[in-house]
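S.K.: Quick one: sequence and predicted model below, then my questions.
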Amino acid sequence: MSVSGIASLVKQAVDIVEVIGRAVPLRRSGNKHLGLCPFHQEKTPSFQVDAENQLYYCFGCATGGDVISFVMKHQSLTFMDAVKYLAERYNIALPSEDRGDGDSSLLEASRKERDEIIAALECAAVFFHRELRLSPEGKIARDYIIKRELPDEVVESERIGYAPARWDALLAHLKNNGVDPELGVKAGLLSRGGTDSSKFYDRFRNRLMFPITDERGRVVAFGGRILASGEQNEAKYLNSPETPVFHKGRMLYQYGAARDACRQVRQVLLVEGYMDLLAFHSRNFRRVAATLGTALTSQQVRLLSRISDEVVLAYDGDDAGEKAMLRSLPIFLQEEVSVSCIRFPDGMDPDDFLKKYGIAELENLIARRIELGAYAVRKAVQGWDGSAAGRSKIFSDLQPIFQTVRQPLLQSEYLRIIADRFSVSENIARAQLLHDKSGKSEKEHRSFRKAYAPKAPEIDSLEEKIVRLIIKYPEFADSVRSCGALTCFRESKLFAVAMEICRDGVCEGVEMNSSQVYDSLAEADLQELYTRYLLEPYEIHEPEMQLRDWIEALIKREEKQRRKVLESALREAEQQGDTSRIRNILMEIRDLTSKTKDCDFSDNVQEIRPNDG
């Protein structure tokens, strides 16, 4: 397996912010996470982690890379030891025994097992969907779908299925399709018999089945809703267990559909249930994702922040829904992700509300949404009973919010609400709320907020300017390649980076596969250089015009150098009396003169324009 393949195997399953966050206290700032660099001493944070590109870089000591390189440097591990460390910590299946030629063989076996698990899950998805559509047993599920008013097109597009009530229905199907029961257990489809480990049975029985897919659309797990009302010992909802391809705290139901829909409007709704989400899809509203039966995690919030600028919580309108919503507030504040909430009347859940009022009234609710922190603060202060003890308790309850919120505007709004309710000044409210029992002052708390902000660099190198531009604006990569500018690069490192960015398939329209570029750079110093350019701010006004000018200057520089070489060769030919060579050199000089006389480089740069993909 190639180095790129090995890196991809691990990086697809881990979140760099989570890994580095275990070693370095991080706080979100815009679309980055900041912290004090673990590789050199500093007082002002210059260490940045980019969740979107899954890379890190320190602008103080010029160290950067991906999650594997961080583990290698932080724990002084070899490449393969870092891979094994991450695999063990994040449940990425790697065989324990040596096979073949060692480490490469281990990783190849791991990749193969993941592929086999994905294939087994797809086999199960086909089986469940067929059982829903065709089997007599599936009538109970079909009746439930009719009762819940789920349209056929949604059932088909989301591949809803039915797990028969029998203990071995899926087991028999998997065996008939050549899937080993041991693999079925690893995929979370089968369970072992309690007293006899050689016996297997279906994990999901008599349930409506919801396939859970990854960002590539592959089935990686299932959620199942019980259909028999008399099953008192069975959980209403049952999800797949953690497997080498499924980590419920790092995934969301229908995340891929929400990502696509949010390209038009960068706002996403978050709900708690599969059926609630499908109620939105039934009405062609797809800017919605759902948690997977667990409390919301920071990794899930980061996923949402990649596709949207605001998350709107649309939890059930009862007390339990409100409590779950409020429990998520500290995570959004910590990650500095904008979050609002809508409240459904009369304790309704989203499905009930949409059935009664429709999508138009939902849009009205969204328009009247309330910022979640403000909602939480108002709810807390409205419960004041007028006593000094009650006031102290409210201040104590709100303290975690104020010690987490970092945006000055939000903090100011929360303080205004509290000051108005208790008839105190905002300064008094702030002092009380930010008082730390450990004795730390507000000034000490805020010192970490002063982070190093890398300034846009002053660049003289034409090659570096061009490389930075195509990193910032990938839509110009094809033009740089086709106009021949790369042949004029003199700096080998910049040439290597530019070649990888301009390679076919790396840039699609305005999107660049940054992980592919990083993995394709063979040397660590090239990877660090690329990471710095990717994370460092570099704003360019009128990039198309700038790129044209820089490429013209680059080509003119090369032709000037070529002229010097030709003139030197001409003098040498004249000294030797080589008339044939003199004639050829003069023709080359004449061609250069005619090409550069009016700075006409149209042959080279006429195609400099964005590629819309």
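M.R.: Cool, the structure landed.

S.K.: CA only for contacts and neighbour counts going forward, please
M.R.: OK.

S.K.: Wait, Arg421 touches Val381, no?
M.R.: Yes: assessed by Cα atoms under 8 Å, Arg421 is found in contact with Val381 at 6.7 Å.

S.K.: Between those two, point out the one with more neighbours.
M.R.: The residue with more neighbours, out of Arg421 and Val381, is Val381; 20 against 13, by other Cα atoms under 10 Å.

S.K.: contacting residues around that one?
M.R.: By Cα atoms under 8 Å, 6 or more residues apart in numbering, the contact list for Val381 reads 394, 418, 421.

S.K.: if you set the cut-off to 6 Å instead, what comes out?
M.R.: Neighbouring residues of Val381 by Cα atoms under 6 Å, 6 or more residues apart in numbering: there are none.

S.K.: again with Gly60
M.R.: Contacts for Gly60 (Cα under 6 Å, 6+ apart) come out as Ser46.

S.K.: so it is in which element?
M.R.: For Gly60, there is no host helix or strand (DSSP states H and E).

S.K.: pLDDT at it, what is it?
M.R.: What the model reports for Gly60 is a pLDDT of 88.

S.K.: Look up how far Gly35 lies from it.
M.R.: As for Gly60, its distance to Gly35 is 12 Å (criterion: Cα to Cα, to the nearest Å).

S.K.: mind giving me the domain split of the chain?
M.R.: Annotated domains of the chain cover 3-89, 105-246, 255-368, 376-447, 462-605 [automatic domain parsing].

S.K.: List the contacts of Asp196.
M.R.: Counted by Cα under 6 Å, 6+ apart, Asp196 has zero contacts.

S.K.: So it, which state does it fall into?
M.R.: Three-state assignment for Asp196 (DSSP: H, G, I helix; E, B strand; the rest coil): coil.

S.K.: where along the stretch 151-300 of the chain do the strands fall?
M.R.: 161-163, 190-192, 200-202, 207-213, 219-226, 237-239, 267-271, 288-290 (DSSP state E, counting those that start in this stretch).

S.K.: Please pull up the helix or strand immediately following the helix ranked longest in the chain.
M.R.: The longest helix of the chain (DSSP state H) is helix 543-576. Going down the chain from helix 543-576, the next helix or strand is helix 579-596, by DSSP H and E.

S.K.: Identify the residues contacting that next one?
M.R.: By Cα under 6 Å, 6+ apart, helix 579-596 touches Ala573.

S.K.: and that helix with helix 543-576, angle?
M.R.: 160 degrees (axes from the mean of the first three to the mean of the last three Cα atoms, to 10 degrees).

S.K.: Show the average pLDDT along helix 579-596.
M.R.: pLDDT averaged over helix 579-596 gives 75.

S.K.: From the chain's centroid, how far away is it?
M.R.: 55 Å (Cα atoms, centre = their mean, to the nearest Å).

S.K.: Can I get it in PDB, CA atoms only?
M.R.: The C-alpha trace of helix 579-596 is given here as PDB (Å, rounded to 0.1, in the frame of the first residue of the first chain):
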ATOM      1  CA  THR A 579      28.200  29.900 -39.600                       C
ATOM      2  CA  SER A 580      25.500  27.300 -39.400                       C
ATOM      3  CA  ARG A 581      25.300  27.600 -35.700                       C
ATOM      4  CA  ILE A 582      25.400  31.400 -36.000                       C
ATOM      5  CA  ARG A 583      22.400  31.300 -38.400                       C
ATOM      6  CA  ASN A 584      20.400  29.100 -36.000                       C
ATOM      7  CA  ILE A 585      21.100  31.200 -33.000                       C
ATOM      8  CA  LEU A 586      20.200  34.400 -34.800                       C
ATOM      9  CA  MET A 587      16.800  32.800 -35.900                       C
ATOM     10  CA  GLU A 588      16.100  32.000 -32.200                       C
ATOM     11  CA  ILE A 589      17.000  35.600 -31.100                       C
ATOM     12  CA  ARG A 590      14.700  36.900 -33.900                       C
ATOM     13  CA  ASP A 591      11.900  34.800 -32.700                       C
ATOM     14  CA  LEU A 592      12.300  36.000 -29.100                       C
ATOM     15  CA  THR A 593      12.500  39.600 -30.200                       C
ATOM     16  CA  SER A 594       9.200  39.400 -32.200                       C
ATOM     17  CA  LYS A 595       7.500  37.700 -29.200                       C
ATOM     18  CA  THR A 596       8.600  40.100 -26.500                       C
END
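
S.K.: Val312: neighbour count?
M.R.: So Val312, with other Cα under 10 Å, has 21 neighbours.

S.K.: Who are the packing partners of the helix or strand hosting it?
M.R.: Per DSSP H and E: Val312 is located in strand 310-313. The contact analysis (3 or more Cα pairs under 6 Å, 6 or more residues apart in numbering; DSSP states H and E) places strand 310-313 against strand 267-271, strand 339-341.

S.K.: where's the longest helix of the chain relative to the chain centroid, distance-wise?
M.R.: 45 Å.

S.K.: how much space between the residue lying closest to His281 once chain neighbours are set aside and Gln48?
M.R.: Residue nearest to His281 in three dimensions, not counting chain neighbours: Val154, with 7.0 Å by Cα to Cα, 6 or more residues apart in numbering. Distance of Val154 to Gln48, computed by Cα to Cα: 42 Å.

S.K.: Looking at those two, which one has more neighbours?
M.R.: Gln48 (28 against 16).

S.K.: and the more buried one, bridged to which residues?
M.R.: Beta-bridge pairing for Gln48 (DSSP bridges): Leu34, Tyr57.

S.K.: got the contact list for it?
M.R.: 33-34, 56-57.

S.K.: filter those residues to the buried ones?
M.R.: Buried members of the contacts of Gln48, counted by 16 or more other Cα atoms under 10 Å: 33-34, 56-57.

S.K.: coming back round to it: any idea which of the strands of the stretch 151-300 of the chain is most buried?
M.R.: Using mean count of other Cα atoms under 10 Å, the stretch among the strands of the stretch 151-300 of the chain with the largest mean neighbour count is strand 161-163, at a mean of 30.

S.K.: partners of that strand in the sheet?
M.R.: Assessed with DSSP bridges, strand 161-163 is paired to strand 207-213 (antiparallel).

S.K.: the inter-axis angle of the partner strand versus strand 219-226?
M.R.: 160 degrees.

S.K.: What about Phe476, how many residues nearby?
M.R.: Applying other Cα under 10 Å, we find 26 residues neighbouring Phe476.

S.K.: cool, and Val339?
M.R.: Using other Cα under 10 Å, the number of residues around Val339 comes to 23.
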